[in-house]
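Q: using only what follows, build the 3D model:
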Amino acid sequence: MNEALQTIITRRSVRKYIDQPICEDKVQWMLRAAMNAPSAGNEQPWEFLVITDKYKLRRVPEFHPYSKMLTGATLAILVVADPSKVKYEEELRQLWIQDCSAATQNILLSAHALDLGAVWLAVYPDPPRLNGMRKLFGIPEELVPFSIVSLGYPVEVKQATDRFDNTRIHREIW
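A: You can find the predicted model right below:
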């Protein structure tokens, strides 16, 4: 199996981290990977907020009930959508959701390739999470906090499990 496939197959959500800083070079690689995600019409409707402030990371669970791992994270990357960058007609204006999902996935995969642990935490479309992120991080109302990725060096390396399920594959007709 080649290196890219190995990274995809062995990636797991990691919620516990050791107390070790992540070098800026690795942060830049994750952001570069995120910005190289596919996007509809190559619109790239994303912005990224890198968060290392421990006080702010500890405040996120006040409004996001599934984000307690951020209290032990070295840093987090908040993926923020800018819907004004979407040029498509009204019925396709929500494609930014797929675009930001692809960027988030690229952060996860690049983190794993860089020997980091990461987990995807949904923000959009939950109003308390959206409003909490906007308030805590000063995000303008016209932007949409989409997801936050908790990052750090993992306490333990999780073993890969084969999730392939042939019963979910259909060919030519359902």
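Q: right, and Cys100 touches Gln44 too?
A: No - contact criterion CB atoms under 8 Å: Cys100 and Gln44 do not qualify, at 10.1 Å. Every residue, glycine included, has its C-beta placed from N, CA and C.
Q: okay, these two: which has more neighbours?
A: Comparing Cys100 with Gln44 by other CB atoms under 10 Å, the one with more neighbours is Cys100, at 26 against 18.
Q: nearest residue to the more buried one other than its sequence neighbours?
A: Phe146 (4.2 Å; CB to CB, 6 or more residues apart in numbering).
Q: what is the neighbour count of that neighbour?
A: 25.
Q: what strands flank the helix or strand where it lies, and is each parallel or antiparallel?
A: Counting by DSSP states H and E, the element that carries Phe146 is strand 144-152. Using DSSP bridges, the strands paired with strand 144-152 in its sheet are strand 75-81 (antiparallel), strand 117-122 (antiparallel).
Q: would you mark the buried spots in the last one?
A: Which is strand 117-122. Buried residues in strand 117-122, defined by neighbour count with 16 or more other CB atoms under 10 Å: 117-119, 121.
Q: mind giving me the packing neighbours of the helix or strand following it?
A: Next along the chain after strand 117-122, taking DSSP H and E as the criterion, comes helix 127-137. Counting contacts by 3 or more CB pairs under 8 Å, 6 or more residues apart in numbering; DSSP states H and E, helix 127-137 is packed against helix 54-59, strand 144-152.
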